[in-house]
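Student: All I have is the shape, not the residue letters:
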């Protein structure tokens, strides 16, 4: 700048005047705002008030946008699976190209199998481009399991995710007045929990014939929630049942099995009843007469009055030693269980097993009928130990393995806490009545 001024001073007087005039003109042009800027500035100045805060009239560069990590916000089209539908039909109805289907199946390989095994009533959500190209698929395989397929460049990627389940503990108690099913419904229990209690304690209690008015039960169980919505009942945690003055307890262990408070297995080698309690017509008649002999309780077995076609279950694992017909027994099935035990099922309308066949506990082996020497449909059930008839409702049955010794102390502490909580809740409920 100093050198420039020295050069200007060395100029002739006329030149100095010209340079000064040009410099002044340039400065004036730079400092004078445009008409648009002046108008904008004037409009703001006219609105300014003393004591108020106003933004600076300065144009600042915009901050760069942070790229979202979320998947694109697609527009989804829902297709419901109909009987006879294939994935190709669903793609066609969703206006997706056959090439997209081919490319997706090629990209996913075996991972695409769940999408090819859809059932009627299920739904798939599709996102597509204007060209008919598949962008994404969303498939809720269940309320807790989601499958997503997303286009990634020239291929497709499949991801599976599980939605967290909220397990909420519930309590219920009830008293038998007519039958167990009605008592369970009155207590607010679902069919799954009612049947679950009968299945757990069905080794000790004959729910078809042994229940009496005034018997009571209490149960702690889980309900499963997703997003605040109840989706299903969960596990039974603990149950207590008082039957004819005797109380039975069962607590769920981490292995999924049920044990008494001292760690003995609730499961036995045999069920007390080969017919579900739900099908028995006269639960509260312990002195029911045999329809033919007129005896209160047949010496060689127990009769279960039920409708023709009622399922009959194998009371234990074994092998069918006889499956046939006679004029006295009608259709019958005899099963041998190990070396000591034999069970017999008489007057069946149908036999569903054959001689020599292996059967599992709870397997349906026939249907209740009225064949042979009978006056009405019922199942006659016999239980033999070393060839001697025994009462299947009172005979001592072999148990499954107990809680392992290494886990016994922890299980007993857990069982004690659960049963204490259950009994406390029961007392509170009784006090409120």
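Tutor: Perfect, thanks for sending it. Small disclaimer: the values here were computed from a predicted structure and weren't measured. Numbers count the residues shown, from 1 in each chain.

Student: From residue 327, how far out is residue 321?
Tutor: Separation of residue 321 from residue 327 (Cβ to Cβ, to the nearest Å) stands at 20 Å. All C-beta spots, glycine's among them, are computed from the backbone N, C-alpha and C.

Student: residues making contact with stretch 206-218?
Tutor: Applying Cβ atoms under 8 Å, 6 or more residues apart in numbering, the set of residues contacting stretch 206-218 from outside is 171-177, 179-180, 183, 197-198, 201, 205, 239-244, 272-273, 275-277, 279-280, 283-284, 286, 302, 304, 393, 422-423, 425-426.

Student: re earlier: residue 321 and residue 327: who's more crowded?
Tutor: Between residue 321 and residue 327, counting by other Cβ atoms under 10 Å, residue 321 is the more crowded of the two (14 against 8).

Student: In contact with the more buried one, which residues?
Tutor: Residue 321 touches 334, 335, 336, 342, 355, counting by Cβ under 8 Å, 6+ apart.

Student: Mind telling me what element the nearest residue to the third one once chain neighbours are set aside is part of?
Tutor: Here the nearest residue to residue 336 in space, its sequence neighbours aside, is residue 321; by Cβ to Cβ, 6 or more residues apart in numbering that works out to 4.8 Å. With the criterion set as DSSP states H and E, the secondary-structure element containing residue 321 is strand 318-326.

Student: which strands and helices sit next to the very next helix or strand once past that strand?
Tutor: Using DSSP H and E, the helix or strand that directly follows strand 318-326 along the chain is strand 330-337. Contact partners of strand 330-337 among helices and strands, from 3 or more Cβ pairs under 8 Å, 6 or more residues apart in numbering; DSSP states H and E: strand 318-326, strand 341-351, strand 364-368.

Student: Mind listing what's buried along strand 330-337?
Tutor: 330, 331, 332, 333, 334, 335, 337 (16 or more other Cβ atoms under 10 Å).

Student: Can you give the contact residues for it?
Tutor: 269-270, 314, 316-326, 342-351, 353, 359, 365-366, 369-374.

Student: What is the distance between that strand and the centre of its chain?
Tutor: In terms of Cα atoms, centre = their mean, to the nearest Å, the gap separating the centre of strand 330-337 from the centre of its chain is 38 Å.

Student: tilt between that strand and strand 318-326?
Tutor: Interaxial angle of strand 330-337 relative to strand 318-326 (axes from the mean of the first three to the mean of the last three Cα atoms, to 10 degrees): 160 degrees.

Student: how about the helices and strands packed on strand 330-337, which one is nearest residue 254?
Tutor: strand 318-326 (30.1 Å; Cβ to Cβ).

Student: can you count the residues close to residue 212?
Tutor: Using other Cβ under 10 Å, residue 212 has 12 neighbouring residues.

Student: check which helix or strand covers it.
Tutor: Counting by DSSP H and E, residue 212 is part of no helix or strand.

Student: Return the members of the contacts of strand 330-337 classed as buried.
Tutor: For these, a neighbour count by 16+ other Cβ under 10 Å gives the buried set as 269-270, 314, 316-318, 320, 323, 342-349, 351, 353, 359, 365-366, 369, 371-372, 374.

Student: what about the closest residue to residue 138 other than its chain neighbours, which SS state?
Tutor: Excluding the flanking residues, the one nearest residue 138 by Cβ to Cβ, 6+ apart is residue 125, at 4.2 Å. Counting by DSSP: H, G, I helix; E, B strand; the rest coil, the backbone at residue 125 sits in strand.

Student: Residue 107 against residue 155, yeah?
Tutor: Yes - Residue 107 lies in contact with residue 155 (Cβ atoms under 8 Å); the separation is 4.1 Å.

Student: Buried only: go through the contacts of stretch 206-218 for me.
Tutor: 171-174, 176, 179-180, 183, 197-198, 201, 205, 239-241, 243, 272-273, 275-277, 279-280, 283, 302, 304, 393, 422, 425-426.

Student: do you know how far the closest residue to residue 308 other than its chain neighbours is from residue 218?
Tutor: Nearest residue to residue 308, sequence neighbours excluded (Cβ to Cβ, 6+ apart): residue 377, at 4.6 Å. Counting by Cβ to Cβ, the gap from residue 377 to residue 218 is 35 Å.

Student: How is this protein divided into domains?
Tutor: Domain assignment for the chain, taken from automatic domain parsing, gives 77-162, 165-268+399-433, 270-397.

Student: Adding mean pLDDT, write those out as a markdown table.
Tutor: What follows is the domains of the chain, written out as a markdown table (pLDDT from 0 to 100):
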| stretch | mean pLDDT |
| --- | --- |
| domain 77-162 | 92 |
| domain 165-268+399-433 | 93 |
| domain 270-397 | 88 |
